[in-house]
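[1] I'll drop the sequence and a predicted model, then ask my questions.
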Amino acid sequence: MPDTRQRQPVHPLVVRITHWINAFAMVCMVMSGWAIYNASPFFPFRFPAWATVGGWLGGSIAWHFAAMWLLCANGLLYLAYGIGRGHFRRKLLPVHPRDVVHDAVLALRFKLPHDTGRYNAVQRALYLWVLSLGVLLVASGLSIWKPVQFSWLTALFGGFDFARRVHFVAMAGVFGFVVVHLVLVLLVPRTLLPMLTGRARPSAHEGTQP
């Protein structure tokens, strides 16, 4: 029997464009950041060369700064749209701890339904968390990049060396978010196409979205 449900708009154009630019810029930032870390590691491990970009320290720094400006400009556009058009309020709020725990339990049992274009409590919490990590990355990155000009910020992080560790841990948190995000896409592959086209058919149990 043919599917007669009409495709509905679920992801605005601005959200889709900024999403894919973020994906590209974040990959460049992480891989170049790993190369920079390898030049002066503060943990007893290094990242493999195939997981880095730049070829040498100077090249990796150039990649890192180029991706940084792209990510910051794109992030500001996303924040302006999300706040100005109420996207954050509609999609990410409210977040109640009880709802997060409830949906997390359902997810672990593979019984969490996915409503096209709507975020469950776990997704909302994760998106707010990664946005907070983004702010921490920018602040710690500035304290590392310009420790003299932003001496007050570097001091707030406990000094240059500790700011590097904060930056690394925040990056690891974002990387973890990306891994979870990709796993969820693999588990629910029908969520990928709408991020390209902006439209999707509602699930059978959803009915019509407002």
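    Everything's here; your move.
[2] pLDDT at the closest residue to residue 121 other than its chain neighbours, what is it?
    Counting by C-beta to C-beta, 6 or more residues apart in numbering, residue 121 lies nearest to residue 99, which is 3.7 Å off, once chain neighbours are set aside. To be clear about C-beta, it is placed using only N, CA and C from the backbone, and glycine gets the same treatment. Note on residue 99: pLDDT of 87.
[3] Next, count neighbours for residue 99.
    Using other C-beta atoms under 10 Å, residue 99 is surrounded by 15 other residues.
[4] Give the next helix or strand downstream of the helix or strand hosting it.
    Following DSSP states H and E, one finds residue 99 within helix 97-108. Downstream of helix 97-108, the first helix or strand assigned by DSSP H and E is helix 121-145.
[5] Going by neighbour count, which residues in the next helix or strand after that next one are buried?
    Counting by DSSP H and E, the next helix or strand C-terminal to helix 121-145 is helix 151-156. Buried residues in helix 151-156, counted by 16 or more other C-beta atoms under 10 Å: 153-154.
[6] so what secondary structure elements neighbour helix 151-156?
    helix 121-145 (3 or more C-beta pairs under 8 Å, 6 or more residues apart in numbering; DSSP states H and E).
[7] what about the helix it packs on, distance to the chain center?
    8 Å (C-alpha atoms, centre = their mean, to the nearest Å).
[8] Give me the residues contacting it.
    68, 72, 75, 91-93, 95-96, 99-100, 102-104, 107, 112, 119, 150, 153-154, 156-157, 160, 163-164, 166-167, 170-171, 173-174, 177, 180 (C-beta atoms under 8 Å, 6 or more residues apart in numbering).
[9] 6 Å instead?
    92, 95, 99-100, 103-104, 107, 150, 153-154, 157, 163-164, 166-167, 170, 173-174, 177 (C-beta atoms under 6 Å, 6 or more residues apart in numbering).
[10] repeat for stretch 73-84
    14, 18, 21-22, 88.
[11] Pull the distance from it to the chain's centre.
    Distance, centroid of stretch 73-84 to centroid of chain: 14 Å (C-alpha atoms, centre = their mean).
[12] Which parts of the chain are helices?
    Counting by DSSP state H, the chain has helices at residues 13-39, 57-84, 87-92, 97-108, 121-145, 151-156, 160-187, 194-197.
[13] Tabulate those (JSON lines), appending distance to residue 46.
    Shown next, in JSON lines, are the helices of the chain (distance: least, C-beta to C-beta, whole Å):
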{"stretch": "helix 13-39", "distance to residue 46": "5"}
{"stretch": "helix 57-84", "distance to residue 46": "13"}
{"stretch": "helix 87-92", "distance to residue 46": "36"}
{"stretch": "helix 97-108", "distance to residue 46": "33"}
{"stretch": "helix 121-145", "distance to residue 46": "19"}
{"stretch": "helix 151-156", "distance to residue 46": "25"}
{"stretch": "helix 160-187", "distance to residue 46": "13"}
{"stretch": "helix 194-197", "distance to residue 46": "34"}
